[in-house]
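Participant: got a structure for you, letters missing:
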């Protein structure tokens, strides 16, 4: 596939399935249909279906209040199938032992997790004993797997979940690289928008959604590829929108915000916010947060409006810093925008989520979750803090600074 830059490929959350008797069969049928739709060959379809069946069966036999997300991941030239499982316990105290064949607590052959990790192109999990486990696995076409594995480990991933009873989610997120030119200082008038910068092969899709082998592989984390390259002076923009209310109209607003975020030439968070505000006029509007991270200097610039929570978390200490959003509704009542600039702690993580997650979570209560992939970290946050009475969206960025 070669080095990729813009556009950033989509992660499409296709369907959430709840823990019920028919879960393994329903998940398998949905997985086969999706695998064929995105062009996986019959052998890869069968392998993905087997892994999905194993994961869904594990939820039924071993877990409490399990849920299963099936989604498609697309690059400009390839598409893959990905699934995420979440549960509320009992968790695994020894992940390495759980991944070994022959280990079972339900009288089965005990090959489920091991089978999934062997079949998947990427595999990761995190478990909190007594509280719950999240697991992710991704499947590409055979000819695409090696190319994508060589691109580098993901640094930003997220997921969304609809409110109970709805099919369309009103929350959405996106990320894209941009130039390393520093945006205007807070309080200064923004400079005119510059043309799109030339693509930088060291900081494109590869660094945003690829995989690399960790320096010290730990049990339960399978990925491949070379070490990660530096950003080469570029910056990373991450955005989250919570469309007002829920259902199709909220979903339409959040997708309009995604389009505006991707299409604008603006690079400062407050300038991007103004562009999104224009795009949401006439819609329900929403709460929006935009973060710009400059890895070379370890700085973050933030602008938020409405009830989107944004934190910088230090995994070493578990402390988190909240970034304040101004009250208002993007698309209706845009307040005077406030831009916050902070220095990032080395190896810290930027976490953004809608009010479909409570703010009562604590990083030190989920030891090791920020050592996993951004998707696993986001899923663990959703499992820990998600509520069913609202749409939920969460995105995690880490690993570049």
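Facilitator: In hand now; what should we look at? This structure is a prediction, so every number in the text was calculated from the model and none was measured. Residues are numbered from 1 along each chain as shown.
Participant: what sits against the spatially most central residue of the chain?
Facilitator: By CA atoms, centre = their mean, the chain has its centre lying nearest to residue 158, at 1.5 Å. Neighbouring residues of residue 158 by CB atoms under 8 Å, 6 or more residues apart in numbering: 11, 173, 240, 352, 374-375, 378, 393-396. For the C-beta atoms, the positions are set from N, CA and C on the backbone; glycine is no exception.
Participant: low-confidence ranges in the stretch 151-300 of the chain?
Facilitator: Where the stretch 151-300 of the chain drops to pLDDT under 70, the residues are 179-233.
Participant: can you list the buried residues in stretch 324-334?
Facilitator: 325, 328-331, 334 (16 or more other CB atoms under 10 Å).
Participant: so which residues of this structure form helices?
Facilitator: 23-37, 42-62, 95-99, 112-119, 142-149, 205-209, 248-263, 269-280, 374-385 (DSSP state H).
Participant: and the third one, what's buried?
Facilitator: Going back to what we said before, that points to helix 95-99. Quick answer for helix 95-99 (16+ other CB under 10 Å): 95, 98-99.
Participant: hmm, which of the residues you listed is lowest in pLDDT?
Facilitator: On pLDDT alone, residue 98 ranks lowest of the buried residues of helix 95-99, at 72.
Participant: how much space separates the nearest residue to that one once chain neighbours are set aside from residue 21?
Facilitator: Excluding its sequence neighbours, the residue lying closest to residue 98 (CB to CB, 6 or more residues apart in numbering) is residue 92, at 4.8 Å. Distance of residue 92 to residue 21, given as CB to CB, to the nearest Å: 24 Å.
Participant: quick one, which of these two is more surrounded?
Facilitator: Between residue 92 and residue 21, counted using other CB atoms under 10 Å, residue 92 has the larger neighbour count: 21 against 8.
Participant: the more buried one against residue 133, yeah?
Facilitator: Yes - using CB atoms under 8 Å, residue 92 is in contact with residue 133, at 6.1 Å.
Participant: shared neighbours of the two, anything?
Facilitator: Both residue 92 and residue 133 are in contact with residue 127, where contact means CB under 8 Å, 6+ apart.
Participant: output the contacts of residue 158 as JSON lines; include the columns distance to residue 312 and neighbour count.
Facilitator: Formatted as JSON lines, the contacts of residue 158 follow (distance: CB to CB, whole Å; neighbours: other CB atoms under 10 Å):
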{"residue": "11", "distance to residue 312": "23", "neighbour count": "19"}
{"residue": "173", "distance to residue 312": "17", "neighbour count": "27"}
{"residue": "240", "distance to residue 312": "15", "neighbour count": "31"}
{"residue": "352", "distance to residue 312": "10", "neighbour count": "25"}
{"residue": "374", "distance to residue 312": "14", "neighbour count": "25"}
{"residue": "375", "distance to residue 312": "19", "neighbour count": "25"}
{"residue": "378", "distance to residue 312": "15", "neighbour count": "30"}
{"residue": "393", "distance to residue 312": "18", "neighbour count": "30"}
{"residue": "394", "distance to residue 312": "15", "neighbour count": "27"}
{"residue": "395", "distance to residue 312": "14", "neighbour count": "30"}
{"residue": "396", "distance to residue 312": "11", "neighbour count": "30"}
